[in-house]
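Student: Everything below, folded, please.
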Amino acid sequence: MIAGALIKEKTMEEIRESLQQIQKIFEADLRTAITACCEESSPYGFALMLGEDLEMATPVVVTNSEADLPDPEDNDARYIPDEWKGWKYEYFGNFKRAYAELFNTFSGDYK
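Tutor: Below is the predicted model:
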């Protein structure tokens, strides 16, 4: 088994536990972000943008509301999150810390 040969210090069970923990942290942070964004404004759109590679794979919340639209008929401004105004970097702090720790552990073990 290739995966078994690659694992140095962590067992498969430890890896599964780490992934399950980080999933729970992500889910809790996502719920918090959605609740906070909906309380501060009335967004019609909510997107979760991720980094471009594993080193930058941290989520950023992007929202948009009707009031943010320069032209209500502009479909790009309405439906493409890259065009939205509400970029929120402050959420997912717990996930970002847990992900960085997990990434550093595995990148150190498997270089």
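Student: Pull up the per-residue confidence for Val61.
Tutor: If you check Val61, the pLDDT there is 94.
Student: whoops, I mixed them up, Thr58
Tutor: For Thr58, pLDDT reads 84.
Student: what packs against the helix or strand that Phe106 is a member of?
Tutor: Assessed by DSSP states H and E, Phe106 sits inside helix 93-109. For helix 93-109, the elements it packs on are helix 12-40, judged by 3 or more CB pairs under 8 Å, 6 or more residues apart in numbering; DSSP states H and E. C-beta coordinates here come from the backbone N, C-alpha and C atoms, glycine included.
Student: Go through the helix it packs on and flag the buried ones.
Tutor: Counting neighbours by 16 or more other CB atoms under 10 Å, one finds that the buried residues in helix 12-40 are 18, 22, 25-26, 29-30, 33-34, 37.
Student: Serialize those residues to JSON lines and add fields for pLDDT.
Tutor: Formatted as JSON lines, the buried residues of helix 12-40 follow (pLDDT from 0 to 100):
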{"residue": "Ser18", "pLDDT": "85"}
{"residue": "Ile22", "pLDDT": "92"}
{"residue": "Ile25", "pLDDT": "96"}
{"residue": "Phe26", "pLDDT": "95"}
{"residue": "Asp29", "pLDDT": "97"}
{"residue": "Leu30", "pLDDT": "96"}
{"residue": "Ala33", "pLDDT": "95"}
{"residue": "Ile34", "pLDDT": "95"}
{"residue": "Cys37", "pLDDT": "92"}
